[in-house]
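1. Sequence and predicted model, in that order:
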Amino acid sequence: MPYLVAADLPAASPGARLRELLARPGIVRLPGAHNGMAALQAKRAGFEALYLSGGAMSASLGLPDLGILTVEDVTFFLRQVTRASGLPVLVDGDTGYGEALNVMNMVRAFEAAGAAAVHLEDQLLPKKCGHLNDKRLATADDMALKVAAAVKARRDLVIVARTDAAAREGLDGAIARAHQYVAAGADVIFPEALTTVDMFREFAAAMPGVPLLANMTEFGRTPQLTAGEFEELGYKIVIWPVSSLRVANKAQEELYRAIARDGSAASMIPRMQTRAELYDVIDLAAYEALDASIVATVVPAAEAAPAASAEGSLSTAGSSEGTKLQAQPKDEPWS
């Protein structure tokens, strides 16, 4: 239960654990997890790290992905995902929420909230989903300054530099920017919205020795490829940023239509997560056991337990050191 129990937390930092995954052979698969429940389900499916999408967070708040979210908005989601799962998380940092000092503040805030990695993009505000038209780009020099600022601010956060330049400057322009971002300190490069297998292959060939991230979003400009196919093309990380949200949203839409049509949710029951399944995923029994272990009084072996002044009332050990509270019976209010 990493959400509450420190002993269940990994000893290594999130950034160190993600770097360990990147050092292994094979591609690192990061499914999007848009809230704590999605993070738990992804972990149970066997994933070792997760992705938190700005588009998914925005949509969860009923907003478009236009750079409206603040650092505080993102940390709200980030804490859910990291504390619920205990897994390393790559979080979408959009354009860094401003210039160099704002980027540094973002890095410190995200690291404090448990992030393992953040990616920055070279768009100008109002930014757009990378697979949409008419994106406006910052200069490569300005983006490189943001990357350098992020590197200076981090403890061990993995810095991912995303370039959206392929659509406006061509593949050569995107490659040139990527090299500049690596020189500024980026650990991973994320070429957004490449449209053909050949583009992915050519980009990888131009970036030898640099870990690359591929975005396997649905309904975008990139052809549907498997993790294995991206690995063969030379990519180290693949993300499915909004897939979990799309599936959840579609199911919710069908539920609301059924209730509006039928006056009942009965037709949707076969598609629902059962109460037992929900409690199993969130590990309700373990939380209840944890609560019982906290409520039970532990009396030091060398001392006798003091008598209670009245049945069910609180009393303390005689010494100021190691003072303990006797448990209040659960069916009675606190005195």
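-> In hand now; what should we look at?
2. What are the buried residues along stretch 283-296?
-> Buried residues in stretch 283-296, counted by 16 or more other CB atoms under 10 Å: none are found. Backbone N, C-alpha and C define where each C-beta goes, glycine included.
3. Measure how far it is from the centre of its chain, please.
-> Between the centre of stretch 283-296 and the centre of its chain there are 27 Å (CA atoms, centre = their mean, to the nearest Å).
4. Stretch 75-89 now?
-> The answer for stretch 75-89 is 6 Å, by CA atoms, centre = their mean.
5. same check, this time on stretch 194-212
-> Using CA atoms, centre = their mean, the offset of stretch 194-212 from its chain centre is 25 Å.
6. Could you tell me the end-to-end distance of that stretch?
-> Stretch 194-212 has an end-to-end distance of 13 Å (criterion: CA to CA, to the nearest Å).
7. Now do it, average pLDDT.
-> The pLDDT scores in stretch 194-212 average 97.
8. The residue nearest to Ala165 when sequence neighbours are not counted: which element?
-> Nearest non-adjacent residue to Ala165, counting by CB to CB, 6 or more residues apart in numbering: Ala174, 4.2 Å away. Assessed by DSSP states H and E, Ala174 sits inside helix 166-183.
9. Quick check: next helix or strand after that helix?
-> Immediately after helix 166-183, counting by DSSP H and E, sits strand 188-191.
10. what comes up buried for that following strand?
-> For strand 188-191, by 16+ other CB under 10 Å, it's 188-191.
11. Dump those into JSON lines; add distance to Arg275 and pLDDT as well.
-> Formatted as JSON lines, the buried residues of strand 188-191 follow (distance: CB to CB, whole Å; pLDDT from 0 to 100):
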{"residue": "Val188", "distance to Arg275": "41", "pLDDT": "98"}
{"residue": "Ile189", "distance to Arg275": "45", "pLDDT": "98"}
{"residue": "Phe190", "distance to Arg275": "40", "pLDDT": "97"}
{"residue": "Pro191", "distance to Arg275": "44", "pLDDT": "97"}
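12. Out of these, which comes closest to Asp65?
-> Within those, the smallest distance to Asp65 is 15.8 Å, found for Phe190 (CB to CB).
13. where's the closest one relative to Ala265, distance?
-> According to CB to CB, to the nearest Å, Phe190 stands 41 Å off from Ala265.
14. hmm, which helix or strand of the chain has the shakiest average pLDDT?
-> Ranking every helix and strand in the chain by mean pLDDT, DSSP states H and E puts helix 284-295 at the bottom, with a mean of 80.
15. in a helix, that's where Tyr97 is, yeah?
-> No. Counting by DSSP: H, G, I helix; E, B strand; the rest coil, Tyr97 falls outside a helix, being coil.
16. Now for the nearest residue to Leu212 once chain neighbours are set aside, how many residues are close by?
-> Once flanking residues are discounted, Leu212 sits nearest to Tyr235: 4.8 Å by CB to CB, 6+ apart. Tyr235 has 24 neighbouring residues, counting by other CB atoms under 10 Å.
17. Tyr235 reaches Arg29, doesn't it?
-> No. Using CB atoms under 8 Å, Tyr235 is not in contact with Arg29, being 10.9 Å away.
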